[in-house]
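Chemist: My questions are about this predicted structure, shown below with the sequence.
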Amino acid sequence: MFFLQTSLEGNSIMYASTKYSSRGPTLIPRMKTRHRIYYIALFSVVLLGLIATGMFQFWPNTIETTSDWTVEKRSILNVPEVKLTDDSAIPERGDLSCRMHTCFDVYRCGYNPKNRIKVYIYPLRKYVDESGTVVSNTISKEYNELLTAISESDFYTDDLNRACLFVPSIDVLNQNSLRIKETAQALAQLTRWDRGTNHLLFNMLPGGPPDYNTALDVPRGRALLAGGGFSTWTYRQGYDVSIPVFSPMLTEANLPEKIPGYRMYFILSAQTAIHSEYRSELEAIETEHKDALLILDKCTNLSDGASSTWKRCHKNEVFDYPQILQEATFCIVLRGARLGQAILSDVLQAGCIPVIVGDSYILPFSEVLDWKRASVVIPEDKLSEMYSILKTIPQQQIEDMQKRARWFWEAYFKSMKAIGLTTLQIINDRIYPYAARSYEEWNDPTIVKLVNVNNPLFLPLIPPRSQGFTAVVLTFDRVESLFRVITEISKVPSLSKLLVVWNNQNKSPPEDSVWPRIGVPLKVVRTKENKLSNRFFPYDEIETEAVLAIDDDIIMLTSDELQFGYEVWREFPDRLVGYPGRLHLWDHETNKWKYESEWTNEVSMVLTGAAFYHKYFNYLYTYKMPGDIKNWVDEHMNCEDIAMNFLVANMTGKAPIKVTPRKKFKCPECTAIDGLSLDQTHMVERSECINKFASVFGIMPLKVVEHRADPVLYKDDFPEKLKSFPNIGSL
């Protein structure tokens, strides 16, 4: 209905632009035939050009979707050949002084509305030396997956001139398989190499015997390096990106997530071929603390044909690997010949807290990840004190760290795709710092859901997807009253969508055919449990910034009252904006807080039976409500509105805004059986709520004010037609 009305208005405007008389269009001079043919031909050419442009612009882009980076196209046998001579240019050795402001050309990135860099992948080439020997025969499966992930991401562009960052199709993940000089010469042949400026190389296994350098030995000029195994000596802070060493073995081992808690073993060492000095210290701990530490090693007593890859042994006892990692609270990750070890990824997947022993090791993605929340780092000379150090960690903190370790793996370590896109996101955040992810978004799994939600306490960078507000109606089975509420709300001009939260698990919502016909989308969401907190859940269907929470029996509010409330909220998007106000008072006789609903000159709360607020607070209520308040509300089936008032006031330090003179929600058709608020114990319990919540918050966050918002001409003796909101309603 809404879209039909829009199209009709558009047609009326179009027809009005041409004047008609009884003899047809007027004011149009007659053209000569040859001129008319000329203009028709010209118009046809322009029209065909526009159609062709539209097809190229909006037709699916086959270049990007059918990328060269598929598993079937790893071979370089059928690609153009590039010959490298002995005197081919070699880039300078990596410049250790490089930083983003000295070696990176940000002007190539420019401004774009999405605040996202564009990444170009060079086409595959076959590089051969003077004797015709191929420098590298294939691209590894891991590097192929990495390039595929980039080519399928929003970062990718196939336009060389639009690119901000360039990724070579030359695989340098494993230095052991490289010819150092020839690989460097191949890099120098790249079209936009320019001393490596704005080029990104991925390397997980740097160095080689006997010294095992902690960074790629291939001369690379100013190129950024995403490396696995950086030390503080080779890592260029704020320029390079430290990445994990991918563990391809665990792609075959699907370890289910384990609930945080106590484990069979306190400390576990499952690395093979560890240095003899480390082994001696671990054995000393094992001797002193008995079963607290289990040291596993490579199995030498397996039957013929059995693979030792999936097994670990302690004396004659055989354990399944990596499953055994899930039976330990702490898992030791020791440095080997290289600082970066693939077992770190194995440990994280198992939800075991890594105990990292490797001086000077730059942990993966440490620029954005807070490893103190998921691991324990112990200096090498403190290894003998490991047991006493770990024993000081409280059990609650251990469970939080177990949960975070697993989440780090799922979000950033799980696949080459996760590693590659995390690397690009870190670089993206450096280039567009004003649109960068926050610390919480990188480190808190619950906050990840907030990525696309604007915090009302800060200026939004991007306008909301949908203007207006979404009305969220919580209902159980009062269908007749619900339909009246829907009908009344649909009259509000700024309504964008109506979401009905059906809280009755024993009864299905009415058939589609009986619902009121309104001019905006209407969606019904069925909940799994009857909880009051369901009204404040961050449903994906809520696309507007503004939310109107309203009960299914609030039939007395007029469309003018609702529209005015929304207009006030637009001016104060960080506040709760509602109608009936309530007050908290200190009772000196009982020395407790008291809930007051009588008419007073002061307000510190507004009822969320009908109130506007920013959808950001839905996320805070669901995922960040302090203590057990949310569960307490659901168990007592009361006080969810008081909890939301506490939450908003605590976040903003501001009082709610009461609008219009209405002080009560009178429902003449509701009986005591229908209305929860009419229960005689209701007022006593709401006072208990205030005291309970104040205890959990540790303070009383509610603020008291003595004002409300009314329309400008509300009390003036003017004709009703001159007032923007004539029907404001009564007390």
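Modeler: Nice, I can see it. Keep in mind that this is a model prediction, so the values were computed, not measured.

Chemist: Would you map the helices across the stretch 251-400 of the chain?
Modeler: Remark: helices assigned in the stretch 251-400 of the chain by DSSP state H, counting those that start in this stretch are 276-289, 343-349, 386-391, 395-408.

Chemist: Check the offset of the third one from the chain's centre.
Modeler: This means helix 386-391. Offset of helix 386-391 from its chain centre (Cα atoms, centre = their mean, to the nearest Å): 35 Å.

Chemist: elements contacting that helix?
Modeler: Applying 3 or more Cβ pairs under 8 Å, 6 or more residues apart in numbering; DSSP states H and E, one finds that helix 386-391 contacts strand 265-269, helix 276-289, strand 353-357. From N, CA and C alone the C-beta is placed, and that goes for glycine too.

Chemist: among these, which is nearest residue 236?
Modeler: Residue 236 lies closest, by Cβ to Cβ, to one member of the helices and strands packed on helix 386-391: strand 353-357, at 21.5 Å.

Chemist: Run me through the strand neighbours of the closest one, direction for each.
Modeler: Strand 353-357 sits in its sheet next to strand 328-334 (parallel), strand 376-377 (parallel), going by DSSP bridges.

Chemist: taking the mean pLDDT, what do you get for the last one?
Modeler: What it means is strand 376-377. The pLDDT scores in strand 376-377 average 96.

Chemist: Stretch 344-353 too?
Modeler: Averaging pLDDT along stretch 344-353 yields 95.

Chemist: With stretch 547-566 instead?
Modeler: Averaged across stretch 547-566, pLDDT comes to 90.

Chemist: Let the chain start at 74 from now.
Modeler: Sure thing, new numbering starts at 74, so read that last one as stretch 620-639.

Chemist: Export that stretch to CSV, keeping only CA atoms.
Modeler: What follows is stretch 620-639, C-alpha atoms only, in CSV (Å, rounded to 0.1, in the frame of the first residue of the first chain):
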residue,chain,number,x,y,z
VAL,A,620,12.8,1.8,19.1
LEU,A,621,9.4,2.3,20.6
ALA,A,622,8.7,-0.4,23.3
ILE,A,623,5.0,-0.7,23.8
ASP,A,624,2.7,-3.1,25.6
ASP,A,625,-0.2,-4.8,23.9
ASP,A,626,-2.8,-3.0,26.1
ILE,A,627,-1.6,0.6,25.6
ILE,A,628,-4.5,1.6,23.5
MET,A,629,-5.0,5.1,25.0
LEU,A,630,-2.0,6.9,23.4
THR,A,631,-2.9,9.1,20.4
SER,A,632,-0.8,9.2,17.2
ASP,A,633,0.1,12.8,18.0
GLU,A,634,1.5,11.8,21.4
LEU,A,635,3.6,9.0,19.8
GLN,A,636,4.8,11.3,17.0
PHE,A,637,5.8,14.0,19.4
GLY,A,638,7.6,11.5,21.7
TYR,A,639,9.6,10.4,18.6
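
Chemist: Would you pull up how far it lies from the middle of the chain?
Modeler: Averaging C-alpha positions (Cα atoms, centre = their mean) puts stretch 620-639 32 Å from its chain's average.

Chemist: which strand in the protein runs the most residues?
Modeler: strand 539-548 (DSSP state E).

Chemist: and the helices of the stretch 324-473 of the chain, which is most packed in?
Modeler: Counting by mean count of other Cβ atoms under 10 Å, helix 416-422 has the highest mean neighbour count of these, with a mean of 26.

Chemist: Which residues does it contact?
Modeler: By Cβ atoms under 8 Å, 6 or more residues apart in numbering, the surrounding residues in contact with helix 416-422 are 317-320, 322-323, 328, 343-344, 395, 398, 404, 406, 426-427, 429, 437, 447, 478-479, 481-482, 486-487.

Chemist: Recalculate using a threshold of 7 Å.
Modeler: Helix 416-422 has contacts (Cβ atoms under 7 Å, 6 or more residues apart in numbering) with 317, 319-320, 323, 328, 344, 395, 398, 404, 406, 427, 478-479, 481-482, 486.

Chemist: before we move on, which element is residue 684 in?
Modeler: strand 683-687 (DSSP states H and E).

Chemist: Okay, angle between that strand and strand 539-548 too, please.
Modeler: 130 degrees (axes from the mean of the first three to the mean of the last three Cα atoms, to 10 degrees).

Chemist: who does strand 683-687 pair up with?
Modeler: strand 617-624 (antiparallel), strand 650-651 (antiparallel).

Chemist: now, of the ones you listed, which is deepest in the fold?
Modeler: The highest mean neighbour count among the strands paired with strand 683-687, using mean count of other Cβ under 10 Å, belongs to strand 650-651: a mean of 27.

Chemist: Residue 424 and residue 477 touch, don't they?
Modeler: No - contact between residue 424 and residue 477 fails when scored by Cβ atoms under 7 Å: they sit 9.4 Å apart.

Chemist: if we can go back for a sec, packing partners of the longest strand of the chain?
Modeler: Applying 3 or more Cβ pairs under 7 Å, 6 or more residues apart in numbering; DSSP states H and E, one finds that strand 539-548 contacts helix 552-562, strand 568-575, strand 617-624.

Chemist: mind checking which of the ones you listed is nearest residue 415?
Modeler: Per Cβ to Cβ, nearest to residue 415 of the helices and strands packed on strand 539-548: strand 617-624, 44.3 Å.

Chemist: For the following helix or strand past that closest one, what is the distance to the chain centroid?
Modeler: Downstream of strand 617-624, the next assigned helix or strand under DSSP H and E is helix 632-644. In terms of Cα atoms, centre = their mean, the centre of helix 632-644 is found 31 Å from the chain centre.

Chemist: Can I get the strands paired with strand 683-687 in CSV including distance to residue 251?
Modeler: Listed next are the strands paired with strand 683-687 as CSV, based on distance: least, Cβ to Cβ, whole Å:
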stretch, distance to residue 251
strand 617-624, 52
strand 650-651, 63
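
Chemist: which stretch among the ones you listed comes nearest residue 516?
Modeler: Among the strands paired with strand 683-687, strand 617-624 sits nearest to residue 516 (Cβ to Cβ), with 25.3 Å.
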